[in-house]
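>>> sequence first, then the predicted structure, then my questions.
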Amino acid sequence: MALLQLLILVLCIICHKVDARSHSQQERHQRFSRSQEVDSNINLVSRENEFDCIDIYKQPGLQHPLLKNHKIQLNPTFTRARKQYIQKDFNAGNFIGCPPGKVPIYREKMKHQMNFNSMESQIENFPLYPRELPIERYVTLDTTPNTTYHGAYANVNICAVSPLQKNQYSLGQIYAQGGPPAELNTIQAGWGVSPDLYGDSKTRLTGFWKVQGDQKSAGCFNVLCPGFIQVHQTVGFGTILEPSQTGSTTKLYLNFIIEQDNQLGNWWLTLKGNINIGYWPKDIVPHLGNGASVIRFGGETGSMASVSNPPMGTGYLPEAKYRYACYFARLKILDSQFKEQEVKPDDMKIYRNADPKCYDLLYPGYSGEQHRQAFLYGGPGAPADQCGPL
């Protein structure tokens, strides 16, 4: 009798483990399936005539010489429950997404495609497009502790910038950086306005990566050079982000997350906690392979010396407050243990390489339950010689 009871107990334990494993696999499958859905609260506009659906295994990013044997990571290994604060409705335009096995690549990429015939060449031979404009201005809120970071999180106000000229761009981004200054590795993402990239002044999902070198640098915006791996079937770099209207009491803010996969080391770009756009493989940013040394949040502009420094954010200085100025809210980092932590004012500093009359940043710290740790930033810009030394 005792032996029979023991056998029954063992069978119950085995059945429980199988059922739990099956339930876990089902949950994981459902979670990954949901990650392909565009949340109905996000005002993203994708236009059919602006994107080409490319075989995911033949996408431009895989042409990078360091990714010859790269196995595409279709989903991140992490998952994290996050409460979101995002307004406005989803507008898919006339682009319903790519069929299974294909991903959207912004069509302008084909016009700007560099000549990558020599794929066996070293990474330093890859050109940088078109980031190296003579005048780059920043106002950012940067981490200061000497530690390792594995990601960053913010609700980013999507701002309307007055029409820009060619050879100008304006960005609101999250940055992860690592390595010595001469070899600095950077990945960043957020919103951007650039007539050179997109042919208009609409606010769009924009990313950038760069590996600094003593002689040459590598990297580019979006997917203009090999490197970034796109996995989402509908939302990609170049997607229009419908901005709030200046002075409106209803403002769109979109949750951006740049997060390192704690198992494979790749750096993922995620919107609203579950829209996994794609990732920068750790192989192309070696100084970020074990994490970043600095996280930055804020604004950036670029221009040629022959044109003015363009507006940043809404074009209003932060003293205009939330009704008019652009902002970042609910700032968080992923610490050295991959734990999500709200930023601490004592661990942050403001960086600015422009006259505060051109661009500025105001960080009051805790800004109420809705925004938590938040800051305002932006400015009107000015002629090239009126924003101070770089």
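It's in. Numbering: from 1, shown residues only.

>>> ranges for the helices of the stretch 101-250 of the chain?
Under the criterion DSSP state H, counting those that start in this stretch, helices of the stretch 101-250 of the chain are mapped to 108-111, 195-198.

>>> rank these by pLDDT, which is bottom?
Ranked by mean pLDDT, these end with helix 108-111 at the bottom, a mean of 51.

>>> pull the contacting residues for Trp280.
Ile187, Trp209, Gly227, Phe228, Ile229, Asn266, Trp267, Leu269 (CB atoms under 8 Å, 6 or more residues apart in numbering). C-beta here means a position set from N, CA and C on the backbone, and glycine is covered the same way.

>>> so which of those residues is the closest to Ser306?
Set against Ser306, the nearest of the contacts of Trp280 by CB to CB is Trp209 (27.4 Å).

>>> for that closest one, list each beta-bridge partner.
Ile187, Cys220 (DSSP bridges).

>>> relative to Gly313, how far out is it?
Here Trp209 is placed at a distance of 23 Å from Gly313 (CB to CB, to the nearest Å).

>>> between those two, which is the more surrounded one?
Gly313 (33 against 23; other CB atoms under 10 Å).

>>> which among the contacts of Trp280 end up buried?
Ile187, Trp209, Gly227, Phe228, Ile229, Asn266, Trp267, Leu269 (16 or more other CB atoms under 10 Å).

>>> mind putting those into a markdown table with distance to Asp360 and pLDDT?
What follows is those, written out as a markdown table (distance: CB to CB, whole Å; pLDDT from 0 to 100):
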| residue | distance to Asp360 | pLDDT |
| --- | --- | --- |
| Ile187 | 26 | 98 |
| Trp209 | 27 | 96 |
| Gly227 | 33 | 96 |
| Phe228 | 31 | 97 |
| Ile229 | 36 | 98 |
| Asn266 | 35 | 98 |
| Trp267 | 29 | 98 |
| Leu269 | 28 | 98 |
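
>>> can you redo those residues as CSV with distance to Phe338?
CSV is the format used below for those (distance: CB to CB, whole Å):
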residue, distance to Phe338
Ile187, 17
Trp209, 21
Gly227, 24
Phe228, 22
Ile229, 21
Asn266, 14
Trp267, 13
Leu269, 17
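
>>> just the closest of the residues you listed to Glu50, please.
Taking the buried ones among the contacts of Trp280 together and measuring to Glu50 by CB to CB, the closest member is Phe228, at 17.5 Å.

>>> does that closest one touch Trp268 like I think?
No - using CB atoms under 8 Å, Phe228 is not in contact with Trp268, being 10.8 Å away.

>>> now do the shared contacts for these two.
In contact with both Phe228 and Trp268: Gly278, Tyr279, using CB under 8 Å, 6+ apart.

>>> three-state assignment of Asn49?
Put simply, Asn49 is helix when judged by DSSP: H, G, I helix; E, B strand; the rest coil.

>>> any stretches of the stretch 101-250 of the chain with poor pLDDT?
The model of the stretch 101-250 of the chain has pLDDT under 70 over residues 108-133, 214-216, 243-250.

>>> so where do the strands sit in it?
Ranges of strands within the stretch 101-250 of the chain are 102-106, 128-129, 135-143, 151-157, 168-178, 185-193, 204-211, 218-221, 229-230, 240-241, based on DSSP state E, counting those that start in this stretch.

>>> can you tell which of those strands is closest to Glu340?
strand 151-157 (6.9 Å).

>>> just the CA atoms of that closest one, as PDB, please.
C-alpha atoms of strand 151-157 as PDB (Å, rounded to 0.1, in the frame of the first residue of the first chain):
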ATOM      1  CA  GLY A 151      18.800  50.200 -19.900                       C
ATOM      2  CA  ALA A 152      16.700  53.300 -19.600                       C
ATOM      3  CA  TYR A 153      13.000  54.200 -19.600                       C
ATOM      4  CA  ALA A 154      11.000  57.400 -20.100                       C
ATOM      5  CA  ASN A 155       7.700  58.800 -21.200                       C
ATOM      6  CA  VAL A 156       8.800  61.100 -23.900                       C
ATOM      7  CA  ASN A 157       6.600  64.000 -25.000                       C
END
